[in-house]
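Asks: Got a predicted structure plus its sequence, pasted below:
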Amino acid sequence: MDRNQAKERIGELTEKLNYYNYQYYMNSVSEVSDYEFDTLLKELEQLENQFPEWQQDDSPTQRVGGTITKDFETVTHRYPMLSLSNSYDEQDLLDFDNRVRDAIGDDFEYVCELKFDGVALSLTYENGILKQAATRGDGVQGDDITANVKTVRTIPLRLHGEDVPELFEVRGEGFMSRESFNRINSQIEAENLKRQSAGKKLQNLLANPRNAASGTFKMQDSAVVSERKLDCFVYSFISDNNQVATHFEALDKLKKWGFNVSPTFRSCKNIKEVLEYIHDWQEKRFELPLDTDGVVIKVNGYNQQRTLGNTSKSPRWAIAYKYKAESATTRLNSITYQVGRTGAVTPVANLEPVQLAGTTVKRASVHNANEIARLDLHEHDMVYVEKGGEIIPKITGVDASAREVGSLPIEFLKNCPACQTELIRKEGEAAYYCPNERQCPPQVKGKVEHFVQRKAMNIDSLGSERIEQLLEKQLIADATDLYSLRKVELIAKLDKFKEKSADKLIEGIEASKEIPFSRVLFAIGIRFVGATVAEKLAEHFKSLDALSQASKEELVNVPEIGEKIADSVKEFFADPLNQGFIEKLKATGVKLELDESELSTSAETGDALDGKTFVISGVFTQFSRDELKAMIKANGGKVTSSISKKLDFLVAGDKMGPAKLQKASDLGINIISEEEFLAMVQN
Ligand SMILES: NC(=O)c1ccc[n+]([C@@H]2O[C@H](COP(=O)([O-])OP(=O)(O)OC[C@H]3O[C@@H](n4cnc5c(N)ncnc54)[C@H](O)[C@@H]3O)[C@@H](O)[C@H]2O)c1
Ligand SMILES: [Zn+2]
């Protein structure tokens, strides 16, 4: 790799890893497996060693990955909370041992502990009483989550014993046991069954115990935290007085004072014994009630630890050995394709069932057509599946040597599996789409769901299941048909649909005729016309007829409306199928022009943001950036593009640049999510 390539790769890796860190620590979401994350980090580390001139200021190799949030009071740690250097390779442990030996000689011991997979907690005790509990945050500052931590039954609020120091800190791993995790998920599943039959929105299952623990510790409602029965293993003691000399002794004392210390630690005379410990726990760890992902190896003596010291990111007296995520080999039986509500087609691999990390795996994700090509997947290939951090398993490779003679490469579908229309690929996007928006069943259903949602026509008794039934039984072909539904027909044709539900539905549909034009326009579902853009368009053109006649020029002349939206609006009204839909819509009696009253009482205008300045960055789920900007202005706020001390709020979406984020957090600017922003303008 030459210098230029290195520069580019370093930039790319830095950005990517900072983004994964943000998702992991801020949102408790793993977008890649830990193994993948660690491999990328290692690659960056090596490149930075080779080309130190390209190392970036915000390099994830130089700092602890987490951040503080604005949801809690910020506390500054008395002693910084560091990360651990880690490795999946035993050779690195031997190298670590040599480095330690070079620095402090041969006269020392190690203590081995399991590496519990949860979140680091810092607990401060004063006069034997728990005073404060904080997250690691960025290592220097963390979130004060004392109220939530107090719900953990194994964390003592008051200590017992003779020799409890006046002031000290303990560190431990807050975690969710697999039992609690499974129990909560079963509850969600049961609740979802009920919701499904009531046609309500389903709740997501927890992804894995680690992310569930991390998310739960940062909840605002301690009562919910308490119900989730979190737990904690304590693994370190820090104090200014010198009454304890070794880590081993400290663990012993902590246990006596009433802390929950996992009995799995062991002192080891040398690195050989360390390796034995690692091998002993390789399989046995799955019998523990919580997830563990490796072993932490620490030099025992506190004086020796002090001599070895720390780097900016991690102590030199400890290292984590990580067990590699489990992988398995199995046969690919087939690829099936799913069509989403926007028409995007995603492939799913159906596998010969295989045991992986304690569960049976039958399906794996393959993202998109590029991924199929990259893996060079052939029919009936033997594939490697990996389940890192318990995310949906994915195919990481193919054993080409086991390929059957004559097996053909998998080719991505040419036609939509739902409606047979030829698929298209939009410029610059990896996904294939079915363009048959008005007739492709999953897309038709998606459009009805969009139409009835709260922000649109608010026909709230109509859930996903019910819509599917209405379509299946051919009671409706699109959203406009809702307005000619008849009660007798509903009761006769729908499963378990009683008089009361039918009344409620018809009432809801009737009531939607009073929904103002701007929301009807949003409900129609023109691409890029979100709620606020719809409002702008409604305000300007005042009726659907006028809007449908508007030229591109007239459209882009409306404040906040750009070319992309203008093109999309033009395209929509030019399509004969859409014209047919609009004709039917006109017959329903919904409002297709502005009421006088609507002009003055537009829902999202006001002075809630009076004089405040905002930067909008990243990708958002409910509104586009332009829509958010329009909302800010409509509520008396200002939008700027650069982050400075004068800024009041940064509204952070997905995929925003980590450098920007860091800068904002360094300047102490309020970083808020889309939801938090919406809450500000909707009150
Ligand atoms: N999948 C992702 O998207 C993603 C993103 C960011 C980080 N990560 C994972 O997180 C790791 C980085 O996290 P990190 O900085 O917290 O480092 P780390 O988790 O590898 O090591 C430090 C942490 O280990 C924990 N720990 C558990 N048992 C311990 C014990 N017995 N003694 C001491 N500490 C113990 C503590 O919480 C401590 O803060 C990465 O290596 C990666 O595996 C994953
Ligand atoms: Zn289709």
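Replies: The structure has been received and is ready for your questions. Ligands and ions are numbered 1, 2, ... in the order given.
Asks: Past the helix or strand harbouring residue 347, which element shows up next along the chain?
Replies: Using DSSP states H and E, residue 347 sits in strand 344-356. For strand 344-356, the following helix or strand on the C-terminal side (DSSP H and E) is strand 359-365.
Asks: buried sites along the very next helix or strand once past that next one?
Replies: The helix or strand immediately downstream of strand 359-365 is helix 369-375, counting by DSSP H and E. When burial is assessed from 16 or more other CB atoms under 10 Å, helix 369-375 yields the following buried residues: 369, 372, 375. C-beta: built from backbone N, CA, C; applies to glycine.
Asks: quick one: strands adjacent to the helix or strand following helix 369-375?
Replies: Using DSSP H and E, the next helix or strand after helix 369-375 towards the C-terminus is strand 382-386. As defined by DSSP bridges, the strand partners of strand 382-386 come to strand 327-339 (antiparallel), strand 394-398 (antiparallel).
Asks: which residue packs closest to the residue positioned nearest the centre of the chain, ignoring adjacent ones?
Replies: Nearest to the mean C-alpha position of the chain, counting by CA atoms, centre = their mean, stands residue 29 at 3.6 Å. Counting by CB to CB, 6 or more residues apart in numbering, the nearest residue to residue 29 once its immediate chain neighbours are dropped is residue 23, at 4.6 Å.
Asks: my guess is that neighbour meets residue 37, correct?
Replies: No - look at residue 23 against residue 37 with CB atoms under 8 Å: they stay out of range, at 10.4 Å.
Asks: before we move on, back to that, can you tell me which of the buried residues of helix 369-375 lies closest to ligand 2?
Replies: Using CB to the ion, residue 369 is the member of the buried residues of helix 369-375 that lies nearest ligand 2, at 16.1 Å.
Asks: Isn't the closest one up against residue 430?
Replies: Yes - Residue 369 is within contact range of residue 430, at 7.0 Å (criterion: CB under 8 Å).
Asks: any idea how this structure splits into domains?
Replies: According to automatic domain parsing, the chain is divided into the following domains: 3-54, 74-322, 327-402, 441-514, 517-600, 613-682.
Asks: Any chance of CSV for the ones you listed, columns distance to residue 413?
Replies: Conversion of these to CSV gives the following (distance: least, CB to CB, whole Å):
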stretch, distance to residue 413
domain 3-54, 26
domain 74-322, 27
domain 327-402, 5
domain 441-514, 14
domain 517-600, 23
domain 613-682, 27
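Asks: Could you export those domains as CSV, including mean pLDDT?
Replies: Supplementary listing: these in CSV, determined by pLDDT from 0 to 100:
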stretch, mean pLDDT
domain 3-54, 91
domain 74-322, 93
domain 327-402, 82
domain 441-514, 91
domain 517-600, 90
domain 613-682, 83
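Asks: Including distance to ligand 1, could those go into a markdown table?
Replies: Below are these laid out as a markdown table (distance: least, CB to the nearest ligand atom, whole Å):
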| stretch | distance to ligand 1 |
| --- | --- |
| domain 3-54 | 3 |
| domain 74-322 | 3 |
| domain 327-402 | 5 |
| domain 441-514 | 29 |
| domain 517-600 | 29 |
| domain 613-682 | 12 |
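Asks: Save those domains as JSON lines, and put in distance to ligand 2 too.
Replies: Putting the domains of the chain into JSON lines (distance: least, CB to the ion, whole Å) gives the following:
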{"stretch": "domain 3-54", "distance to ligand 2": "28"}
{"stretch": "domain 74-322", "distance to ligand 2": "24"}
{"stretch": "domain 327-402", "distance to ligand 2": "6"}
{"stretch": "domain 441-514", "distance to ligand 2": "6"}
{"stretch": "domain 517-600", "distance to ligand 2": "13"}
{"stretch": "domain 613-682", "distance to ligand 2": "24"}
